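*Asks:* Have a look at this fold, sequence not included:
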């Protein structure tokens, strides 16, 4: 084989571009499970491929190159572990990894992270062309006969609703889910829930969460939600400030609103954003919620 062919094959991701496998650990695939065992236990992990959400090539400290796999757990598999080549090729064939990005990045000498695969998701949110301004009041279950749930609803009250059901998280936590989409203001959410492991059931539900994906698995969900919240919440803040000025009450309506969104956590794609309603711009301390 001449030099040109060797170089051409290397550019395509030929075997030669894989790092030499050493004795620091071993990795292999058994059915739908990856088993990685490091000699010192640092990178030992078990990956459930049926739950795989995304994959990155990562270069960390000491230029250690790893394949990062997220199956609701963070798993780092060093590329120099024995068996890595076979594992990677099997994964790439099954999930259609971005091989050019992987092989172009594998020899970098600085900290680096790049996605090479992301699970395609069905859209889980919709921006409504409506003018609702009831963010501070609660959320609406989109059942045939719609039901509005106040943010002050307790755990015990909510779990009795005919529109909810329970399931276990990948971490064996109890999660309350809704049978129908949920509307919060001008946002429709298909995947809305709350962790129900709080020991007290006579208090308002402390937090809710949702996973927001567009149909391409991109950052579009983040930008969509950021823009609608920026538009809607800025308007709501102005209304609340006007009401507070007029009423001159001792309890700030604005602070109550801040409390509400300080505990409403929205997971946008893979980025968790805690909405504090421009607290720093408004000034003042976070109120006691």
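*Replies:* Here it is on my side, so go on. Keep in mind that this is a model prediction, so the values were computed, not measured.

*Asks:* quick one: residue 73 and residue 171, what's the gap?
*Replies:* Using CB to CB, to the nearest Å, residue 73 is found at 8 Å from residue 171. To be clear about C-beta, it is placed using only N, CA and C from the backbone, and glycine gets the same treatment.

*Asks:* Residue 48 now?
*Replies:* Using CB to CB, residue 48 is found at 13 Å from residue 171.

*Asks:* For these two, indicate the residue with more neighbours.
*Replies:* The neighbour comparison of residue 48 against residue 171 (other CB atoms under 10 Å) goes to residue 48, with 15 against 9.

*Asks:* tell me the contacts of the closest residue to that one other than its chain neighbours?
*Replies:* Spatial nearest neighbour of residue 48, chain neighbours left out: residue 71 (4.8 Å); criterion: CB to CB, 6 or more residues apart in numbering. Counting by CB atoms under 8 Å, 6 or more residues apart in numbering, residue 71 touches 47, 48, 49, 51, 52, 53, 170.

*Asks:* Just the buried ones from these?
*Replies:* Taking 16 or more other CB atoms under 10 Å as the criterion, what is buried in those is 47, 49, 52.

*Asks:* Select from these every entry located in helices.
*Replies:* Of the buried ones among the contacts of residue 71, none are assigned to helices by DSSP state H.

*Asks:* coming back round to it: pLDDT and distance to residue 60 added to the contacts of residue 71, as JSON lines?
*Replies:* Formatted as JSON lines, the contacts of residue 71 follow (pLDDT from 0 to 100; distance: CB to CB, whole Å):
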{"residue": "47", "pLDDT": "97", "distance to residue 60": "18"}
{"residue": "48", "pLDDT": "96", "distance to residue 60": "23"}
{"residue": "49", "pLDDT": "97", "distance to residue 60": "23"}
{"residue": "51", "pLDDT": "93", "distance to residue 60": "23"}
{"residue": "52", "pLDDT": "95", "distance to residue 60": "21"}
{"residue": "53", "pLDDT": "92", "distance to residue 60": "20"}
{"residue": "170", "pLDDT": "78", "distance to residue 60": "24"}
